[in-house]
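# Provide a 3D model corresponding to the input given below.
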Amino acid sequence: MIGYLIEAVQILFISYTVMLFLRIVSTWIPDWQEHQLVRFLAFYTDPYLAFFRRIIPPLGGVLDLSPILAFFALRILEWIILSFLR
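Predicted structure coming up:
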């Protein structure tokens with residue numbers, strides 16, 4: 001039973017990581033911003049990324065390093081949750 005819960009948590013974290021990655025890539029292509037999938041990704045990932053942008057604002061207004069911290073924090077949170085479940 002606990003194995004299924006662990007697997008579900010891993011799938012959720014992988015899914016959100018992929019969503020974050022796709023959102024970051026989509027920001028490089030302005031034409032994609034009005035696409036329904038990109039708006040979906042933005043709705044679910046931008047609040048999370050905004051938290052880290054307050055910690056590390058974009059350098060020079062162009063180079064945004066906050067996603068690196070966001071990915072790192074997501075991995076740590078996954079590790080903590082999985083440690084409790086095991």
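# For F52, list the residues it contacts.
Applying Cβ atoms under 8 Å, 6 or more residues apart in numbering, we find F52 in contact with 66-67, 69-70, 73. Heads up, the C-betas are built off the backbone N, CA and C, glycines and all.
# Closest to P58 out of these?
Nearest to P58 out of the contacts of F52 is S66 (Cβ to Cβ; 7.5 Å).
# Where is the longest helix in the chain?
helix 2-26 (DSSP state H).
# how far out from the middle of the chain is the helix or strand just after that one?
Using DSSP states H and E, the next helix or strand after helix 2-26 towards the C-terminus is helix 36-55. The chain centre lies 8 Å from the centre of helix 36-55; the measure is Cα atoms, centre = their mean, to the nearest Å.
# got the buried residues for helix 36-55?
Across helix 36-55, burial judged by 16 or more other Cβ atoms under 10 Å covers 38, 41-42, 45, 48-49, 52-53.
# what's the closest non-adjacent residue to the residue nearest the centre of the chain?
Taking Cα atoms, centre = their mean as the criterion, L20 is the residue nearest the geometric centre of the chain, at 3.5 Å. Distances taken as Cβ to Cβ, 6 or more residues apart in numbering place T45 nearest to L20, at 5.3 Å, with adjacent residues excluded.
# measure that neighbour to F84 for me?
Applying Cβ to Cβ, to the nearest Å, the value for T45 to F84 is 25 Å.
# Same question for L41.
Distance, L41 to F84, using Cβ to Cβ: 29 Å.
# What subset of the contacts of F52 is buried?
Applying 16+ other Cβ under 10 Å to the contacts of F52 flags 66-67, 70 as buried.
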